[in-house]
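> Fold the following.
(3 chains)
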Amino acid sequence: MPVLSILIFLPVAAAIVVVCIDRRKTDALYGVGLAGTLAVLALSAVVFFRFDPNQAALQFVQRTAWIPSAGVSYYVGVDGISLPLMMLTTVIMPLALLSAWGSIADRVKEFVLSMLVLETALLGTFLSADLVLFYVFWEAVLIPMYFIIGLWGGPRRSYAAIKFILYTMAGSALMLVAIITLYLHSGAQPGERTFDLIRLGRLPVAMPLQAWLFGAFALAFAIKVPVWPLHTWLPDAHVEAPTAGSVVLAAVLLKMGTYGFLRFLLPLFPQAALQFAPLLSVLAIVGILYGGIVSWAQPDVKRLVAMSSVSHLGLVTLGAFALTVPAVQGSLLQMVNHGISTGGLFLIVGVLYDRTHSRQLDDYGGVAALMPRLAPIALIVVLSSLALPGTNGFVGEFLILLGTFQTNPAYAALASSGVILSAVYLLWMYQRVMQGPVAVKERARMTDLTRREQWLFIPLIALIFWIGVYPSPLLRRSEASVRALVEQVTSHQSPVTSYRP
Amino acid sequence: MALVLIVVLPLAGWLVNGMAGGRLPRPLVSVIGCGTVAASFVASAMAARHLAVPSDALTATLFTWIAAGDFTVSAGLLMDRLSALMALVVTGVGFLIHVYSIGYMADDSAYSRYFAYLNLFVGSMLLLVLGGNLLVLFVGWELVGLCSYLLIGFWFDRERAANAGRKAFVVNRIGDAGFLLGILLLATTTGTLQFDRLADAAGAMAPGLLTATTLLLFMGATGKSAQLPLYVWLPDAMEGPTPVSALIHAATMVTAGVYMIARLHPLFLRADFTLSVVAAVGAATAFFAATIALVEWDLKRVLAYSTISQLGYMFLAMGVLAMPAGVFHLTMHAFFKALLFLAAGSVMHATHGVVDMRRLGGLAGPLRWTALGFAIGALALAGIPPFAGFFSKDLILEHAYAAAQHGGSVALWLAGLLTAYVTAVYITRAAVLTFFAPAGQRDHPHEAPASMGGPMAILALLSFGGGWVGAHAAGAPLLRVLDRFFAIEPAAETLPGAPLTAISVAVGVFGIITGLLLYRRRREVTLGALGAFLARQWYVEALYDAAVVTPAKRLARFAADVVETRGIDGAVNGIAGLVGQAGVAMRRVQTGYVRNYAAAILAGTILILSYWLLRGP
Amino acid sequence: MTVPISAYLALSALLFVLGITGVLLRRNALVVFMSIELMLNAVNLTFVAFARQLLAIEGQLAVFFVVLVAAVEVVVGLAIIIAIFRARDTVDIDDVDLLRG
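Residues are numbered from 1 along each chain as shown, chains lettered A, B, ... in the order given. This next block holds a predicted model:
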């Protein structure tokens, strides 16, 4: 049974059902959308539990020729690197839809359609093993996201949406050129050429060219992550996007970049990756510190959380380019963790925004007294975001720092000062919103969480503690693939540097 | 299994009280809160009985926590004699303070939340002391920090409390960043964080690395145990409820740094330089904090500075290789400082929250028992025999003196001795101003209920007579156990003994007399310029504000307003603008006249043709 | 007497330049149109001349295509000009610059 293909296209099937529903029946529209995403979640859980942790290669592979004359195939599969991101996507999408149920009431049909198409595009991005297929899904993500920001966003939504789409497309255009160049190098005759990721991974590419191709791919991914200083589209997009859009954007879309680092950049261009790893690590560290400092000075909650993403994803990038097994595993785990904790933070901001229609810290204060159910939830999510031991964030952060420390203690030392900064700005935010005397103007509006809203957070909090206390199920499944990846890349190290007496 | 139970019981209390406490009747909340801690105490005592031989240790490995690459760390617990002692102190004193809280917090609307936090704290602290490896210890270490944050900011609607909680968390995080790096360094060089394999691992480490590791770990200790330069959060932490101050910020959590050094003594004993740093920081902090306590008006803050100062003593002990003495003092301090705080809490209970000693006084009459308790605690703190603090403090001073005899600095001993004098003065001042000075104007203060009096009585007994476990005349059972645990040869023979004891007792008595003379009649003794200097905490806070906090805020503002919006995003928008302007310039070419287009085509054709013609064959 | 090919080519070039001049300088759309026809026919003349010279049929063939395209173009072009005339009462192409940037 082609499980992965069903997984990828099930949301589109749900979308077709949504098309047939009367646009005035909003509950039915949301219901079908939610049911679709939950079915995808159930199916991905099956894949997760039937996944063989000892195998490094792709599993559940499905492969059919698509454009045979050009060497393009429909080629999907899942391994230890894509599995966590697949799970993250399928967990976050139902929550994002659920969060919109109470707050987006106009053009619901189009919204649910966009979200479902977005899920298909995201899953396709994470599961394709053919560069053309990947590129199609990669670009397809932009379209629904553009509409989500541009149609249901805040006052400056069109500026943010255009900035988002132009910025990310500028990066991916170069990636397309690099993909085609790679294809042309993959064989002498048109019939021998391929877009197959696995075969291209074994292809030796001579150095100056490899560096250029690396640069083209790296730029596309770095913009998506976003790596400092290519991050400025992110705060605008987040601030203007509706809650559901922010959640998906932060939790899943940004991971396309870091996933791209691990899936494409490292295996396709190992020598260039080794050569440029210090550069990207330094940018990552600058991002960690810069994002933290800038977050602290934000008067806008959503912008604060958005900037904190820059800081957190700097850590993920640092781990990816440390090129040790713990660091890369930590990086992968931290992608999931960031999805959970920052997704949670955006959901909290959304819950507050639905009540006050304000994102300014100055308009809040003492909310804990008015919303006693939200306060502990918010605290747990904040603590997860600042990587308190016992929550998920710590495991990932510790592994990244450990793995980085093994190759470069100075990087780890600098990155760990981000630990201090995250406490500074996140607790600052928590205090300004939740603590102190009540400063909200309309107290009556600040009703505590509804039942629907509680269900937004219950799964996230369960995941926060589960991954924090018992991360083995995730780590075990990613270990073999990560180990293979790290060995493949580091085997290109010149023998002098890798020799240890 | 018993080990797991010790940790899990308070955490279960936390879950029940935290999730459902609001709907439970108050007595049930109290029973759950106190009962789980009591049960944990019993379980600790039962488990500790199995530790007949000094080398015995109970271990429990639950599951593999983190495994990636070659690195593996399990969720494991370990109880040896050191952690058993700590577990008993934590659950024992913890239980007493839980009971005290029933009375103290009786009128608070967030009663169940309070007990949930307190239970979470006990569970986390037990995880800290019973953790089987450094990473589990670190989990407990951070979780107690979290509980500290939560309980300092318990009355979160007060801006000051929320600020103090946040300050505690952030300052601790600064130390923890170092602690974490120390863990990373240890894990990378030795490949293990298990305590039982640490001794072998330490032997294999290069001296430089060992020094770096231990210094980084000590940085964590300066945060958690409020030593110079990271002590600043502890005085502010007094914004929390007073039982919390007694439990977390005096008896247990703040001693975690001392415990950590004791736990990792195989590492620290091999790092001479680090030990000298530990001793110096300890002695300096002891003196520094004691002088500030001398001029502080807030009763709780006096006790807070006193705690910082006493923790300094413990670090001094660790640094001069008197680890048994340090742990001994830790235990005694837990008794008498908890007693002092509970007595202060009783005063606040009676006066509806007055802590300013200028407004207190004359309470010895109405609060007879509280005054007696405070006096016992004060005498123990001042090091007057036969109270508990005398034995442990004297032992530390003797060791410091002995260390000076063996090539160490005599300044450590002198600082310790001077601090002992200042300690006696400030605690006498606090006692006199609170209980004996002419009364301020107030309604009728009343003695605390039994739930508060009982724990104070037990702690008073322990502070009065608990010191015998370290008294050589009584065979010093605790010290003998600890001596063997640390594998340091008993230093009793080499210690100077009686003459030195006489000196330190004399200093204590002299200090009390000074305090009585100074404050018996006059309330406001300002100590002139020196007093002003001390009242500003030696300008440390001001220095931090000027050198760290303000520049950091300015930097953040600059980064957000200038670098981000004008610099980076400016560049992005600038590029977009450039493209737009290029378009504006280029649009002039599009005149809309067919004729111009035709001419352009002609010109192009001529150009191409002439190129081909001129290029030749 | 045979006329040399150079004469045909010279005539063709002359006609072509006349056409170009007309397209570039005249303002009346109909005249511009006729000028274009002139250019097309100049090219036709070249084709036929070379076909005769080289005794190849392809040149004559190309001429038929050109004539055909020219006829089609006239149909479309005149329709456009009439539409513009109806809308604006003028066939002066300088008045029609809707595509100005």
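
> mind listing what's buried in the helix or strand hosting residue B:378?
Here residue B:378, judged by DSSP states H and E, is contained in helix B:368-382. Neighbour counts over helix B:368-382 (16 or more other CB atoms under 10 Å in any protein chain shown) mark B:369-382 as buried. For glycine as for every other residue, the C-beta is placed from the backbone atoms N, C-alpha and C.

> Stretch B:322-334 now?
Result for stretch B:322-334 [16+ other CB under 10 Å]: buried residues B:322-334.

> ok, which pair from the residues you listed is furthest apart?
B:322 and B:334 (18.0 Å; CB to CB).

> before we move on, back to that, tell me the mean pLDDT for the helix holding residue B:378?
The pLDDT scores in helix B:368-382 average 91.

> helices or strands next to it in the packing?
helix B:323-351, helix B:388-405, helix B:410-431, helix B:450-465, helix B:498-519 (3 or more CB pairs under 8 Å, 6 or more residues apart in numbering or on different chains; DSSP states H and E).

> Extract the CA atoms of the second one and return them as CSV.
So that's helix B:388-405. Provided in CSV are the C-alpha atoms of helix B:388-405 (Å, rounded to 0.1, in the frame of the first residue of the first chain):
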residue,chain,number,x,y,z
ALA,B,388,24.3,23.8,67.0
GLY,B,389,26.1,26.4,65.0
PHE,B,390,28.9,26.6,67.5
PHE,B,391,30.3,23.1,66.6
SER,B,392,30.2,23.4,62.9
LYS,B,393,31.4,27.0,62.6
ASP,B,394,34.2,26.4,65.0
LEU,B,395,35.3,23.3,63.1
ILE,B,396,35.4,25.3,59.8
LEU,B,397,37.5,28.1,61.5
GLU,B,398,39.8,25.5,62.9
HIS,B,399,40.3,24.0,59.5
ALA,B,400,40.9,27.4,58.0
TYR,B,401,43.5,28.0,60.6
ALA,B,402,45.1,24.6,59.9
ALA,B,403,45.1,25.3,56.2
ALA,B,404,47.0,28.5,56.9
GLN,B,405,49.5,26.5,58.9
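
> Check which helices and strands it is in contact with.
Partner elements for helix B:388-405 (3+ CB pairs under 8 Å, 6+ apart): helix B:272-293, helix B:299-319, helix B:323-351, helix B:368-382, helix B:410-431, helix B:450-465, helix B:498-519.

> what's the angle between the fourth one and helix B:299-319?
By that I understand helix B:368-382. Computed by axes from the mean of the first three to the mean of the last three CA atoms, to 10 degrees, the angle separating helix B:368-382 from helix B:299-319 equals 30 degrees.

> now the helices for chain C?
In chain C, helices defined by DSSP state H lie at C:5-25, C:29-54, C:58-88, listed in chain order.

> Enumerate every residue touching whichever residue of chain B sits closest to chain A.
Relative to chain A, the nearest point of chain B is residue B:69 (3.2 Å; CB to the nearest CB). By CB atoms under 8 Å, 6 or more residues apart in numbering or on different chains, the contact list for residue B:69 reads A:324-326, A:329, A:403, A:479, A:483.

> Going by neighbour count, which of those residues comes out on top?
Comparing these by number of neighbours (other CB atoms under 10 Å in any protein chain shown), residue A:329 comes first, having 34 neighbours.

> Now that that residue has come up, it's in contact with residue B:68, right?
Yes: between residue A:329 and residue B:68 a contact is recorded at 4.3 Å, counting by CB atoms under 8 Å.

> tell me, what's touching the two both at once?
Residues touching both residue A:329 and residue B:68 (CB under 8 Å, 6+ apart) are A:399, A:403, A:475, A:479.

> would you say the second one is within a helix?
Yes: note on residue A:403: a helix contains this position according to DSSP: H, G, I helix; E, B strand; the rest coil.

> Hmm, it is touching residue A:328, no?
Yes: using CB under 8 Å, residue A:403 is in contact with residue A:328, at 6.9 Å.

> any residues in contact with both of the two?
A:319, A:322.

> Please convert the helices and strands packed on helix B:388-405 to CSV, extending it with distance to residue A:192.
As requested, the helices and strands packed on helix B:388-405 are exported to CSV (distance: least, CB to CB, whole Å):
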stretch, distance to residue A:192
helix B:272-293, 64
helix B:299-319, 71
helix B:323-351, 72
helix B:368-382, 86
helix B:410-431, 78
helix B:450-465, 84
helix B:498-519, 89
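
> looking at the ones you listed, which is closest to residue C:55?
helix B:272-293 (105.2 Å).

> what about the strands in the stretch 1-150 of chain A?
For the stretch 1-150 of chain A, applying DSSP state E, counting those that start in this stretch gives strands covering A:59-67, A:72-78.

> Out of those, which is the most enclosed?
Comparing the strands of the stretch 1-150 of chain A by mean neighbour count (mean count of other CB atoms under 10 Å in any protein chain shown), strand A:72-78 ranks first with a mean of 22.

> which regions of the stretch 451-600 of chain B sit below the pLDDT cut-off?
Residue ranges of the stretch 451-600 of chain B with pLDDT under 70: B:489-496, B:522-526.

> Following element in sequence after the longest strand along chain B, please.
Longest strand in chain B, counting residues (DSSP state E): strand B:58-68. Using DSSP H and E, the next helix or strand after strand B:58-68 towards the C-terminus is strand B:71-79.

> what about stretch B:282-299, distance to the chain center?
Centre-to-centre, stretch B:282-299 and its host chain are 16 Å apart (CA atoms, centre = their mean, to the nearest Å).

> could you point out where chain C is predicted with low confidence?
Across chain C (using pLDDT under 70), the flagged ranges come out as C:1, C:101.

> residues from it in reach of chain B?
Residues of chain C lying near chain B by CB under 8 Å from any CB of the partner chain: C:20, C:23-25, C:32, C:93-94, C:96-101.

> Backbone dihedrals for residue B:407, please?
phi 100, psi 0 (degrees, to the nearest 10).

> typo on my end, it should be residue A:53
Dihedral angles (degrees, to the nearest 10) for residue A:53: phi -70, psi -20.

> my read: it touches residue A:479, true?
Yes: with contacts counted by CB under 8 Å, residue A:53 reaches residue A:479, the gap being 7.0 Å.

> overlap in contacts of the two?
By CB under 8 Å, 6+ apart, the residues touching both residue A:53 and residue A:479 are residue A:80.

> In the chain, spot the helix with the most residues.
In the absence of a named chain, this looks at chain A. Chain A, longest helix under DSSP H: helix A:325-356.

> other chain: chain B
helix B:159-190.

> outside of the next helix or strand after that one, which residues touch it?
Later in the chain than helix B:159-190, the nearest helix or strand by DSSP H and E is helix B:198-204. For helix B:198-204, the external contacting residues (CB under 8 Å, 6+ apart) are B:186, B:190-192, B:210, B:264, B:266-267, B:270.

> what's the answer for stretch B:270-282, then?
B:202-203, B:205, B:207, B:210-211, B:213-215, B:218, B:222, B:227-228, B:261, B:268-269, B:311-321, B:400, B:403, B:408-409, B:412.

> now stretch B:540-547
B:229, B:232, B:536.

> Just the buried ones from the residues you listed, in PyMOL syntax?
Restricted to buried positions by 16+ other CB under 10 Å, the PyMOL selection for the contacts of stretch B:540-547 reads:
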select buried, chain B and resi 229+232
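
> Give me whichever of the helices and strands packed on helix B:368-382 is most buried.
Stretch with highest mean neighbour count among the helices and strands packed on helix B:368-382: helix B:323-351 (a mean of 28; mean count of other CB under 10 Å).

> Give the other helices and strands that it contacts.
By 3+ CB pairs under 8 Å, 6+ apart, helix B:323-351 packs against helix B:81-104, helix B:242-246, helix B:256-263, helix B:299-319, helix B:368-382, helix B:388-405, helix B:450-465, helix B:477-486.

> So what angle separates the directions of it and helix B:81-104?
Using the same axes, to 10 degrees: helix B:323-351 against helix B:81-104 is 0 degrees.
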